[in-house]
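Novice: Build me a model from this:
(one chain, ligands or ions: 1)
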Amino acid sequence: MRVMVTGGAGYIGAHTSHLLAGRGDFVLIADDLSTGSRARVADFPLLEVDLAEPASVAVVADAIRTHRIDSVIHFAARKQVAESVERPAWYYQQNVGSISNLILALEVEKTCPRLVFSSTAAVYGQAGGVIDENRQPAPVNPYGASKLAGEQLIDATAAAWPLSAASLRYFNVGGSSRAELADTGASNLIPIIMDQLISGQRPGIFGSDYDTPDGSCVRDYVHVADVAEAHLVVLDWLVGHTGHDVMNVGTGTGTSVLEMVRALMDISGIRAEPQTLPRRPGDAAEVVAAVGRIATETGWQARFALDDIVASAWDARLHASVASGPV
Ligand SMILES: NC(=O)c1ccc[n+]([C@@H]2O[C@H](COP(=O)([O-])OP(=O)(O)OC[C@H]3O[C@@H](n4cnc5c(N)ncnc54)[C@H](O)[C@@H]3O)[C@@H](O)[C@H]2O)c1
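Specialist: Have a look, this model is predicted:
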């Protein structure tokens, strides 16, 4: 295949680009390098473009024609929930603007029939339990809402002309397949606990009286290498399919915050007594992906375990510390 990977210099995009190139696909990265890094994809051709700018339509359409692109994977987005709450209009401009401009570019010649879109479990909002794709989306922040708007636009586009598309709703992505590809800007549980352990603080647990086996919140952590592979599998599956499908990407297995803290203490060798903090408003007790649809439709299922996620995240953290000096 000949694939344009938007946001390919980012964390998940770079993992996916390397997998695609490894199986012999042509990969063109389209990225403004705002949160991505050229070093992750140093050997790949790069179209440096801000997809949220209207001028990107002509630039991307030209690149699709020049490089004979037949598939696009659209990772490029802003992804910080707190930032989206502070700057909602900018999140819509960036995330909804980018997918709109990308689709306008695809419509110039309609020669690229496949699109895979990075969506998120954030579209489910505060829903809890084991969540399947039939759960009514109800995002509770502008980030999740901007992703749902992207899905809706793709849905309408696939009804208007024969686009084959899939929106993948990732749950909690973690780990790395190589330290150099790691997520450096993440503000989620794994890096936060690693920071606390390294700096000698007690890991904070938001709520220990949830209706879960150990009282802490349960989430579904999926290795980024599995997430990357899901894109290749889904891209192949789209050949011969039309319309737009939505699929969860997770493991179907929950891990509690306390289990995660223990796993990170084991891998780091740093011991600290967790401290219970008040519950955070809006946190569901358990959020786990139902993964039946993607398995049945495409055959994909996650292969890596929690230990792999934790070990690779820790390894990448040490690598970053060595690169930037002592923490
Ligand atoms: N990391 C997660 O846990 C997670 C979970 C669910 C969904 N997602 C989604 O997956 C996608 C990739 O996430 P990531 O973790 O790799 O993030 P990332 O920030 O590492 O990568 C995003 C990439 O997109 C580029 N980009 C951003 N805005 C752009 C624009 N306007 N024009 C061109 N390039 C632009 C950035 O430079 C970066 O390379 C995002 O769409 C995100 O919303 C991520």
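
Novice: pretty sure Ala320 contacts Ser176?
Specialist: No: Ala320 is not in contact with Ser176 according to C-beta atoms under 8 Å; the separation is 10.5 Å. No exception for glycine: its C-beta is placed from N, CA and C like everyone else's.

Novice: Glu86: neighbouring residues, count only.
Specialist: For Glu86, the neighbour count with other C-beta atoms under 10 Å is 10.

Novice: Likewise for Val222?
Specialist: Neighbours of Val222 (other C-beta under 10 Å): 26.

Novice: How about Ala63?
Specialist: Ala63, neighbours per other C-beta under 10 Å, totals 18.

Novice: Next: Asp236.
Specialist: Count around Asp236 with other C-beta under 10 Å applied: 16.

Novice: Spell out which residues sit in contact with the residue lying closest to Ser71 once chain neighbours are set aside, please.
Specialist: The shortest distance from Ser71 to any residue that is not its chain neighbour, by C-beta to C-beta, 6 or more residues apart in numbering, is 4.1 Å, and that residue is Arg114. Residues in contact with Arg114 (C-beta atoms under 8 Å, 6 or more residues apart in numbering) are Asp70, Ser71, Val72, Leu163, Ser164, Ala165, Leu235, Leu238, Val239.

Novice: Buried ones only from these, please, as a PyMOL command.
Specialist: Applying 16 or more other C-beta atoms under 10 Å to the contacts of Arg114, the buried members can be selected in PyMOL as follows:
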select buried, resi 70+71+72+163+164+165+235+238
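
Novice: now the contacts of Arg114 as a markdown table including secondary structure, pLDDT and distance to Ala89?
Specialist: Below are these laid out as a markdown table (DSSP: H, G, I helix; E, B strand; the rest coil; pLDDT from 0 to 100; distance: C-beta to C-beta, whole Å):
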| residue | secondary structure | pLDDT | distance to Ala89 |
| --- | --- | --- | --- |
| Asp70 | coil | 98 | 34 |
| Ser71 | strand | 98 | 31 |
| Val72 | strand | 98 | 26 |
| Leu163 | coil | 96 | 28 |
| Ser164 | strand | 98 | 32 |
| Ala165 | strand | 98 | 26 |
| Leu235 | helix | 98 | 32 |
| Leu238 | helix | 98 | 33 |
| Val239 | coil | 96 | 38 |
